[in-house]
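Okay, sequence plus prediction incoming.
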Amino acid sequence: MDPLLQSPSFVADDHFPYLDFSGITTQLLLSLFKVEGVLHYGIAGNANPDLQIGDVTIPQYWAHTGLWNWQRYGDGPNDELALESSGDYTREIGYLEFSDHNNVSKNGMPVANFLNNVWYQPEEIFPVCGTPEVRQHAFWVPVDKHYFTVAEKLEVINLGN
């Protein structure tokens with residue numbers, strides 16, 4: 001950050017006292033302030049069809065299901081995945097075969113397409129209780145126990161319309 005902040009090209013704005021450096025605002029907050037926790041919010045509507053926009057859910061665990069390893073076209077479930085031999089990818093979780101969801105079929109059977117298969121991948125995490133700078137892998141990532149306990153106490157609060 002020092003080269004940026006000391007650059008003659010950088011001019012702080014008096015009316016908007018913030019700095020967005022390549023979209024890493026969370027890292028800046030952690031670097032500049034004594035942050036005790038981070039609350040993330042997102043879309044949980046696909047977790048339960050009974051949920052509506054604006055409903056509040058507080059999970060005990062979360063999974064980043066957008067981490068996929070695309071398999072090369074023509075490869076099958078038993079063929080090696082790209083970077084699998086280095087340990088960066090796994091087939092522990094399972095895969096989605098896009099041909100099963102294709103609009104084209106022959107004799108009632110799905111026809112292969114160029115999308116092939118995707119294998120779900122675990123999140124890389126760096127737990128507080130782990131070794132610094134040593135990643136671990138987890139599909140289900142637990143929510144901080146303290147914040148989950150606080151959230152459970154809020155369960156009966158009606159936020160209104």
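In hand now; what should we look at?

check contacts around residue 157.
Contacts for residue 157 (C-beta atoms under 8 Å, 6 or more residues apart in numbering) come out as none. Every C-beta, even on glycine, is put in place using the N, C-alpha and C of the backbone.

All the strands of the protein, in order from the start?
61-62, 68-70, 95-97, 105-106, 109-110, 117-120, 123-125, 136-138, 141-142 (DSSP state E).

Serialize those strands to TSV and add fields for distance to residue 88, mean pLDDT and mean neighbour count.
Formatted as TSV, those follow (distance: least, C-beta to C-beta, whole Å; pLDDT from 0 to 100; neighbours: other C-beta atoms under 10 Å):
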stretch	distance to residue 88	mean pLDDT	mean neighbour count
strand 61-62	22	84	13
strand 68-70	9	87	15
strand 95-97	16	85	15
strand 105-106	35	78	8
strand 109-110	30	76	11
strand 117-120	12	87	19
strand 123-125	9	81	14
strand 136-138	10	84	13
strand 141-142	18	82	14
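
how much space is there between the residue most central in space within the chain and residue 87?
Residue closest to the average C-alpha location in the chain (C-alpha atoms, centre = their mean): residue 64, at 3.6 Å. Distance, residue 64 to residue 87, using C-beta to C-beta, to the nearest Å: 19 Å.

What of residue 151?
35 Å.

Compare neighbour counts for these two and give me the winner.
Neighbours of residue 151 and residue 87, each counted by other C-beta atoms under 10 Å, are more numerous for residue 151; the result is 17 against 8.

what about that one, distance to residue 138?
Per C-beta to C-beta, residue 151 is found 20 Å from residue 138.

Also residue 89?
15 Å.

do residue 127 as well
Distance, residue 127 to residue 138, by C-beta to C-beta: 9 Å.

And residue 73, by the same measure?
Distance, residue 73 to residue 138, by C-beta to C-beta: 30 Å.

how about the nearest residue to residue 134, chain neighbours excluded?
residue 126 (7.4 Å; C-beta to C-beta, 6 or more residues apart in numbering).
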